[in-house]
Structure formats: C-alpha cells, structure tokens
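>>> Let me see the structure of the following:
(chains A and B)
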Number of protein chains: 2
Amino acid sequence: MRTEFLKACKGEKTEYTPIWIMRQAGRYLPEYHTVRSKGTFLELCKSPDRAAEVTLQPVDILGVDAAILFSDILVPLEKMGAPLEFQEKRGPVFPNPIRDQAAVNALGIPDPEEDLGYVMETIRILRKELADKVPLIGFSGAPFTLATYLIEGGSSKNYLTTKRMMYEAPELYSQLLDKITECTIVYLKGQAAAGAQALQIFDSWVGVLAPCDYREFARPYVERIIKALKEVTDIPLIYFANNGATLLDQTRECGADVLGFDWRIELDEAVRRVGPNISIQGNMDPLALFLPEDKLEARVRRVLEQAKGARGHIFNLGHGIVPEASPAKAKLLVDLVHRISREMRG
Amino acid sequence: MRTEFLKACKGEKTEYTPIWIMRQAGRYLPEYHTVRSKGTFLELCKSPDRAAEVTLQPVDILGVDAAILFSDILVPLEKMGAPLEFQEKRGPVFPNPIRDQAAVNALGIPDPEEDLGYVMETIRILRKELADKVPLIGFSGAPFTLATYLIEGGSSKNYLTTKRMMYEAPELYSQLLDKITECTIVYLKGQAAAGAQALQIFDSWVGVLAPCDYREFARPYVERIIKALKEVTDIPLIYFANNGATLLDQTRECGADVLGFDWRIELDEAVRRVGPNISIQGNMDPLALFLPEDKLEARVRRVLEQAKGARGHIFNLGHGIVPEASPAKAKLLVDLVHRISREMRG
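Down below sits the predicted model:
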C-alpha cells in the first residue's frame, strides 16, 4: 500500500507530496455518472457496492494517494430522526427543521452498525479492495456545520435562523449541538472500528462565524469529538474549517493531527501559524484547474513551495472539485504534484 | 453638521465613535417599505426625490452619523450597455452576460450627468437636506465585484464563469475590467463633483479570490480608481473588501483612507495590520443585532475596545443589516456606540 498520505499526516518524511481531492469521487467523472444514473444520490450513498465502486474510481483513474469514503455528511442526521431529501436544484433539504425544544428532544443517537450499517459495510468492502493501493479516509461533518442544515432546513445564504438560535436561545442551541456531537463521536468511532485509516471532519460553513462566536458556539464541540476519538484510536484526524483563516489561532488548538485549508489563505502563512506539531492539507483554488497547463504547473509549484516548512503536507484543493472540471486536468494535477514534489526533495 | 464621521475617516480626534450601517436605508424599516411600495427597486433608485427620502430615513430614525446615497452598485453597468433586471427571488440579473470580445467591445462609458443624472440629482437634493445634519457618502462597486455580475449574469455560488474568464481568457478579462474601471472612475468623480463628502468602494465578492489572484485580477483596478480620485478630490475614500482578512496585507496598500472589515476578523488584529496611517470601519456581525440587549452591549463594547489603537474608527456592521432586523435594536446599537465610546474617552 502507498503510505505517503498517512506519513504526511503524522509528520513523517515522504518521498513525494501525497494528494487527494475533495469530491474526487464526483460528477466531473463520466464513470461516476454511469454508476450514479442507477438511482438517486441517497440511494448511491446507501448501496455499499456502488458507493465503494465510485470511491475507487479516482484512485484508479487519477492515481490519488488516498481514497475517501463516498457518502454525505448529512446521512447520520437522517438517522437521528430528521428526514432528509436531496432536491435536484436546491440540494439537501430537511423538510422538518429542528427549531424548538420538542424537535431537539425527539432526536436520537443512531448506532453505527444498526442504523448506518451501509456506511460501515462500504468501509469494509473498501478496505479489502484498497488493500494494496492507498489508505481510506472516513469523515463526518462538524457539529456547527451539521446544525446549520438541521436548523435552516437546508443550505442558507446568511445562516440567520442558526445565528438567531445561538443568540436568542443559547440553551436550546447547546442541547442540539450536544446531541449532534454525541452522534458524530459514535459515528466516527464506528468508522474507525470498521477500518477507516484516517478521519476528516468537515466544517464547511464555520467561516460565517466571528472568532468570538466560533469560540463559544462551534469549537468546543469539535474539541470534544477529537478528544473522544483520541481516546480510542491513533489514526490521523483532519479538521477542515472552510474559509477559516481568521479562526486559525483557535483551530490549531483543537487537537487535530492535520488542518485543512481553503485557498483564501497563503499556505506559507498557514504553516507559520500552525507551528511544528500539525500537518497541513490544501489548498489550491478548485477553479485553478481551468488554468492553462503552464500556469497550472506554476500554481502547483507555488503551493508546494509555500508548504515547505510544514511538519507534513497533503496536497488538496481548497474546496471540492467542480462538476465542470476536466478529468484530464485533474489527472495532470496529480502527476504535477508527484513530479514536482519529488524534484523539490531531490 | 455632525462631523465625527469625516474626522474619524481622516484620523482626527472625535468625541465619540461615529456609526453608520450598511443598508441602513433598507427593508428592515417600515418607513422604507412605504416608499418602496410605490414602484420597483430600480424605479426607486432612479427617482431622486424618493431615493433621497429613503436615504434620510435612518438619519432621522436611528441617529446615524452619516447618510449613504440610496442606490445600487449595478446601476452604472446598465448604462454601460448591459440591461439589468431585479427579479423578486433571484436578485439582480443581467440577461445578456458579458462573455466574449464582441460583448466587451460593445460596452460604453456612461457620462455621470447625461446617463446617471438621477444619481447626481439625488446627491444634490441630499446635500441640501443634510446641510445641518450629517455628511453624505457616495459609492460604487469595485471592478472585480461588478465584473462578476456582468460575467455570471447575476449572483453566483462559486464564480466559475468569472474565474474561467480570468484563467482562460485573461486578455478579454483585463479589457472588461479596464472598461469597468474607467466607468467607475468617472462615476465616482461625478458623485464627488455633485457633492458626495466621502466615497465607499464595495468589493463584496472579492473574498472568493486567492491572494495571488487578488494581486493580479482585482487589486490593480482598485488602485487605479483610488489614484484617479486622489488626483481630483481629498474627500475620504473607503474600501470595503468583504471576507478579505487574508487580503489585508494588500488592501492596506491600495491607497484608501479607510478600510472596511467584515466580522470574520478580530478588529484588533485588523488595527495592528493596517498600521497607523489608515482608519478602520466595522465590524459587528449584522446578525448580532439578534443578541439580547445585555449581550449586544457587551459585543459593542468589545468592538470598540478592539478598535482602540486605530488611527480612526467608524463603527459599522460587517455586512448589510438584514430585513429581519428590528429598527428598535438598530437604534439601540447607535445609542450604545455613542454612549460607550464617549465613556471610553472620558
């Protein structure tokens, strides 16, 4: 198995910089569409054989250094008792948003094997399939990000309803976050037990919080998850606080082995600020895949140069690859990262 | 006339911290709805008497220390030759997006008095009405932000089309930005000539750019505008780069008298990084207006404390006040800023 990804997570020396791509199993790949066309998005998440198949596609097609479980951060919420739909234009929708005490009380904590067995089964299939290839990353959403979906009932422009609950009903908000946190802990423990070799926590929308609100309303729950996981496993934990440049002084204290960064921050600044005990992951703008080849190469070189002082670096995009991206360019990106990072070490 | 706002812009001593609120003439005010109900949003922008009326409302109702022209950053683009519609749910729409050479070539540079006379007339009315009250701020969008609307045809989720033009057709992109920049320069010069006593440049979407892309694709145009204005006027120029914390090392070099900040950055960090020659404006989360009164007061105090080292500070929200906000809370905010900042000086 190629272990550069795990080594970089732990800050061990690598021969080249490993790369994986957020949403690497996704709509930019024709092979994905072929599998996806057999049913809905949620059905794909819940079909271990097919979910495993699309997870493997970018490993084989692009040559990335890690696979990430094909799933969605919202599936455990459905099993907490919040019905979930994916609508073609709107994206994820919770028709019954969680906004009062009764709704919070009604939420349960799903058992990973009983209620989310399809995720655990996908992980077990993948570990067999990936045995001689690359490590498998499991994941969850971070509590704040998950809460926004439950409270807003889906995506949001300014997170008004979430922030109103934070500000106007902080006790209710903290009860909801406690439950989501507990759910996430058992869910990630389940993934680790099933065989995930690293775990990423996606805090996709946390960048809408002022640093003082992050300290009070988001960070404690992330820390609790990481602490709980560290008690039972030593697999690398990656925390990705999207648009979180101004939260870095706090996110570096959360206990993660790796911090993920979006493209808004200069990676050398991120390296300086995280210090010598945390590896970094990121951070090319996903849309930089539309640069012509020579400029793409320069951009890749720049990211690699900026990451030089890091304890460890895993190349990634700063957010998910977009459906409009070219698979050939994505493959080129992987090759460029491997070639240039080898040269830089030589 | 109360001059605290202008003094703070220039870094002169003030008796209290002046405050105005982005979108202070807006949908949270019942008095605004009364005027707005007489026609469409664009008709309101184009009716000098009514636009002046809503501009004055927050001055009288809230007691803010500056008025800002009621208009929209997109109106000059319409007069460049890009038809503009405001659709109830979608917001602004350009049905004919600017995406090729012919479309760029066809754009003209509107004359402020000939083509945008309604804006200049509104300013002249307001200067008379405001004579013994507060200063009047004029404004424009920044070229990158304006370009995103023209290229995308409206709002956007990830600015794919804009970035593709930047990356795939940089020459076309720069021609478009040159034209928008020229338009903005004459438009803002026109506003200054008509009587605006300060000018704010809104770079609402620039936070989607990596710092290296900001340097190449957005910053030069802002600098050109500020330089051109500085040649003809000494009224304060405010540059607001929304979600721009990671761009601060560049935005502070743009030549503005004042930099505006959204709530994602701790204001004391912003003060440290802008240095002693630039005033700051901001930066409370607009949704913090939903905090209970005691916590709102603590939040206001925190912002004022963090701004203490600044050359000058104008209190503002980090983005526009939302329609759901309470006018009473907005009034309370203004009173709190005035009272606490006086106490802090005493």
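
>>> which residues in the stretch 201-346 of chain A form helices?
Using DSSP state H, counting those that start in this stretch, the helices of the stretch 201-346 of chain A run over A:211-217, A:219-230, A:248-251, A:267-274, A:293-306, A:327-345.

>>> What's the mean pLDDT across the second one?
With pLDDT averaged residue by residue, helix A:219-230 scores 98.

>>> returning to that earlier point: so which of the helices of the stretch 201-346 of chain A is nearest chain B?
helix A:211-217 (5.3 Å; C-beta to the nearest C-beta). Backbone N, C-alpha and C define where each C-beta goes, glycine included.

>>> hmm, that closest one in reach of chain B?
Yes - using C-beta under 8 Å from any C-beta of the partner chain, helix A:211-217 comes into contact with chain B via A:P211, A:C212, A:D213.

>>> Equivalent analysis for stretch A:280-296, please.
Yes - under the criterion of C-beta under 8 Å from any C-beta, stretch A:280-296 makes contact with chain B via A:D285, A:P286, A:L287, A:A288, A:F290, A:L291, A:P292, A:K295.

>>> which of these are buried?
A:D285, A:P286, A:L287, A:A288, A:F290, A:L291 (16 or more other C-beta atoms under 10 Å in any protein chain shown).

>>> ok, now which ones touch the residue lying closest to the second one once chain neighbours are set aside?
Nearest non-adjacent residue to A:P286, counting by C-beta to C-beta, 6 or more residues apart in numbering or on different chains: A:L317, 4.4 Å away. The neighbourhood of A:L317, defined by C-beta atoms under 8 Å, 6 or more residues apart in numbering or on different chains, consists of A:I21, A:M22, A:W263, A:G282, A:N283, A:M284, A:D285, A:P286, A:L289.

>>> Against B:L247, how distant is the fifth one?
Summarising the geometry, the distance separating A:N283 from B:L247, computed by C-beta to C-beta, to the nearest Å, is 15 Å.

>>> which parts of chain A sit against chain B?
Residues of chain A lying near chain B (C-beta under 8 Å from any C-beta): A:158-160, A:163-164, A:167-168, A:207, A:209-213, A:243, A:245-246, A:263-266, A:269, A:285-288, A:290-292, A:295, A:299, A:302, A:318-319, A:322, A:324.

>>> For ChimeraX, write the select line for the buried members of those.
Remark: buried members of those, expressed as a ChimeraX selection using 16+ other C-beta under 10 Å:
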select /A:158,159,160,163,164,167,207,209,210,211,212,213,243,245,246,263,264,265,266,269,285,286,287,288,290,291,299,302,318,319,322
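
>>> Show me what the residue nearest to A:P286 bridges to in the sheet.
A:M284 (DSSP bridges).

>>> how far away is it from chain B?
Remark: distance between A:L317 and chain B (C-beta to the nearest C-beta, to the nearest Å) = 11 Å.

>>> cool, A:D100 as well?
17 Å.

>>> Which element, helix or strand, includes the closest residue to that residue other than its chain neighbours?
Spatial nearest neighbour of A:D100, excluding adjacent residues (C-beta to C-beta, 6+ apart): A:L172 at 7.4 Å. Element membership of A:L172 [criterion: DSSP states H and E] is helix A:170-194.

>>> For that helix, list every residue counted as buried.
Within helix A:170-194, the residues that count as buried by 16+ other C-beta under 10 Å are A:172-174, A:176-177, A:179-192, A:194.

>>> What average pLDDT does it get?
Across helix A:170-194, the average pLDDT comes to 98.

>>> Quick one: residues contacting the residue nearest to A:D100.
A:L172 touches A:D100, A:Q101, A:V104, A:M165, counting by C-beta under 8 Å, 6+ apart.

>>> close enough to count as contact, the last one and A:Q175?
No - A:M165 is beyond contact range of A:Q175, at 10.5 Å (criterion: C-beta atoms under 8 Å).

>>> picking that back up, next, format the contacts of A:L172 as JSON lines and append secondary structure, neighbour count and distance to B:G255.
Listed next are those as JSON lines, based on DSSP: H, G, I helix; E, B strand; the rest coil; neighbours: other C-beta atoms under 10 Å in any protein chain shown; distance: C-beta to C-beta, whole Å:
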{"residue": "A:D100", "secondary structure": "coil", "neighbour count": "12", "distance to B:G255": "51"}
{"residue": "A:Q101", "secondary structure": "helix", "neighbour count": "12", "distance to B:G255": "53"}
{"residue": "A:V104", "secondary structure": "helix", "neighbour count": "19", "distance to B:G255": "51"}
{"residue": "A:M165", "secondary structure": "helix", "neighbour count": "24", "distance to B:G255": "42"}
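
>>> Look through the stretch 1-150 of chain A and state the residue closest to chain B.
Closest contact between the stretch 1-150 of chain A and chain B, by C-beta to the nearest C-beta, is at A:G91 (10.2 Å).

>>> Spatially, and excluding backbone neighbours, which residue is closest to that residue.
That would be A:S155: by C-beta to C-beta, 6+ apart, it lies 5.5 Å from A:G91.

>>> now do A:P211
Here the nearest residue to A:P211 in space, its sequence neighbours aside, is B:E266; by C-beta to C-beta, 6+ apart that works out to 5.3 Å.

>>> how close does the residue of the stretch 51-200 of chain A found nearest chain B sit to A:E216?
Nearest residue of the stretch 51-200 of chain A to chain B: A:K163, at 4.2 Å (C-beta to the nearest C-beta). Note on A:K163: its distance to A:E216, by C-beta to C-beta, is 12 Å.

>>> same check, this time on A:V119
31 Å.

>>> ok, those two, which is more surrounded?
Legend: neighbour count by other C-beta atoms under 10 Å in any protein chain shown for A:V119 and A:E216, higher for A:V119 (28 against 14).

>>> Tell me the bridge partners for the residue most central in space within chain A.
Residue closest to the average C-alpha location in chain A (C-alpha atoms, centre = their mean): A:F202, at 4.1 Å. Counting by DSSP bridges, A:F202 forms beta bridges with A:G141, A:F240.

>>> contacting residues for it?
Neighbour list for A:F202: A:I73, A:F139, A:S140, A:G141, A:A142, A:T145, A:F240, A:N242 [criterion: C-beta under 8 Å, 6+ apart].

>>> Need the max-distance pair from those residues.
Pairwise distances across the contacts of A:F202 (C-beta to C-beta) peak at 14.4 Å, for the pair A:S140 and A:N242.

>>> For chain A, give me the ranges with low pLDDT.
In the predicted model of chain A, no residue satisfies pLDDT under 70.

>>> Please report the distance of the residue of it positioned farthest from its centre from chain B.
Distance from the C-alpha centroid of chain A peaks at A:G346, with 31.4 Å (C-alpha atoms, centre = their mean). As judged by C-beta to the nearest C-beta, A:G346 and chain B stand 26 Å apart.

>>> If anything else comes up later, I'll come back, but that's it for now.
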